[in-house]
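Undergrad: Sharing a sequence plus its predicted fold:
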Amino acid sequence: MDSRMDRIRKFMLQEEEDDDELFLVLLPALYSSLYEEKRPVHTSSLSGAQLVKEILEGHESWSKVEFRMEPEIFRAISDYLKRERLLEGTARVDVDEQLGMFMYMISHNATNQDLQKKFQHSAETVHRKLNEIINLIPLLVQRFVKVPTSLQPHPKIMSNPRFWPYFQNCIGAIDGTHIPITIAEEIAAPYRNRKGTLSQNMMVACDFDLNFTFTSCGWEGSASDARVLRSAISKGFEVPAGKFYLVDGGYGNTSSFLAPYPGVRYHLGEFRRRRRNDTGYANKEELFNHRHALLRNYIERAIGVLKKRFPLLKVGNHYPIESQIRIHAACIVFHNIIRCQNGDEDWLDHQPPLIPPETYVDVPEGDDAHHQDAHHQHQADLNNGNNLRDQIALQMWADYNN
């Protein structure tokens, strides 16, 4: 019994000695963590508000690069948000800084951590201030992305004999454009497009001033353009009686959405090659398709300017999918506001990319592969569309040959 007790006492003494040694090793680290002075995280000489002020009061190019617009347009937007009581500044973050934070985010595809460093705020403050603007986007879309109210022919149609009077009832053009997204793998399948990347298929309509007049965001990348349009119609998108939009071959041809003749040359590059060979149009279908393509090119130009100003639309971003969809819509809103304020666009062609081009996501362009989906229309609608297209093409061909 005594020897057993001796072994127990010896074991306990050894454990105490080991604990003492461990304590001596850990003591300096504990002391250091308790008494070492904490290093501040936000150490920039400029606060976020001062940074925004410096950008807006500096050379015009600073604001164009950081916020993608001229300083006077930035101030006009900020004043509008304050005047309409859509945003209210606080002692720590005024509206100018909040808008600057959001515009910097969509200009640079900046993460929350990037914005913390740039604007000298905590993660929670950055998150809250961004969300306040993201939550405003549906209302801003209602106010700044509107279907044309005037039913008068557009001056760019009236002044061009190639379009007048044939397209006098055309009020714009429609197309779908794929925008890369990031999303959890377990729910990613519907967003995988035909190129195998992840995107949403965003429907947009524009007028002939390159202003967007409608958008439908959030459809998965696997959805066809025609399916997105049908959904928009079911949710209230309307075309005024007697008017129509121009669409490409991925949509069904109806009297409200006029598509080119299928199986006939259509793309502008094909006609440029024919012009170099000094050959004319073979028939009314080719003539119609060429002029249709020239006029529908406005939507392709509008999308091109949009993605050039906001290259965030060429990559996935770092926010929840619901926020990503609203951020994409925000780019359309700011595009329209900038154009209404006569913002410059030429400088976009002479800027180094803010987001490395090697990170751009390869997404589909055009939806001609979904002809079958395009024909999921009532036969009567397709017949009316075909009759209207033939009437326009016949008149066009007769005038061309006189």
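TA: Yep, that arrived. Residues are numbered from 1 along each chain as shown.

Undergrad: From what I see, Ile321 and Ala188 are in contact.
TA: No - the criterion here is Cβ atoms under 8 Å, and Ile321 misses it with Ala188 at 9.9 Å. Heads up, the C-betas are built off the backbone N, CA and C, glycines and all.

Undergrad: Next, count neighbours for Leu246.
TA: Using other Cβ atoms under 10 Å, Leu246 has 24 other residues around it.

Undergrad: Do I have it right that it meets Arg291?
TA: No - taking contacts as Cβ under 8 Å, Leu246 lies outside contact range of Arg291: 10.1 Å.

Undergrad: which residues touch Phe334?
TA: Neighbouring residues of Phe334 by Cβ atoms under 8 Å, 6 or more residues apart in numbering: 68-69, 77, 103, 106, 310.

Undergrad: Take these and keep only those in helices.
TA: Of the positions in the contacts of Phe334, 77, 103, 106 sit in helices, assigned by DSSP state H.

Undergrad: could I get those residues as JSON lines with pLDDT and neighbour count?
TA: Formatted as JSON lines, the ones in helices among the contacts of Phe334 follow (pLDDT from 0 to 100; neighbours: other Cβ atoms under 10 Å):
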{"residue": "Ile77", "pLDDT": "98", "neighbour count": "21"}
{"residue": "Met103", "pLDDT": "98", "neighbour count": "23"}
{"residue": "Ile106", "pLDDT": "95", "neighbour count": "23"}
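
Undergrad: secondary structure element for the residue most central in space within the chain?
TA: Taking Cα atoms, centre = their mean, the centroid of the chain lies closest to His328, which sits 3.2 Å from it. For His328, the element it lies in under DSSP states H and E is helix 321-340.

Undergrad: What average pLDDT does that helix get?
TA: Averaging pLDDT along helix 321-340 yields 97.

Undergrad: starting at the chain centroid, how far to it?
TA: Chain-centre distance of helix 321-340: 6 Å, with Cα atoms, centre = their mean, to the nearest Å.

Undergrad: which one of the ones in helices among the contacts of Phe334 sits closest to Gly263?
TA: Using Cβ to Cβ, Ile106 comes nearest to Gly263 of the ones in helices among the contacts of Phe334, at 41.0 Å.

Undergrad: Any figure for the gap between the nearest residue to that closest one once chain neighbours are set aside and Asp344?
TA: Distance criterion Cβ to Cβ, 6 or more residues apart in numbering; nearest residue to Ile106, sequence neighbours excluded, is Leu312 at 5.1 Å. Separation of Leu312 from Asp344 (Cβ to Cβ, to the nearest Å): 20 Å.

Undergrad: and these two? which has more neighbours close in?
TA: Neighbour totals were compared for Leu312 and Asp344, and Leu312 leads with 25 against 12 (other Cβ under 10 Å).

Undergrad: ok, the more buried one to Val361 distance?
TA: Leu312 is 11 Å from Val361, where distance means Cβ to Cβ.

Undergrad: Check Leu130 too.
TA: Between Leu130 and Val361 the computed distance is 22 Å (Cβ to Cβ).

Undergrad: of those two, who's got more company?
TA: Using other Cβ under 10 Å as the criterion, Leu130 and Val361 rank with Leu130 on top: 21 against 18.

Undergrad: I'd like to know which elements the host helix or strand of that one is packed against.
TA: Leu130 is part of helix 123-134, with elements assigned from DSSP H and E. Judged by 3 or more Cβ pairs under 8 Å, 6 or more residues apart in numbering; DSSP states H and E, helix 123-134 is in contact with helix 95-108, helix 112-119, helix 321-340.
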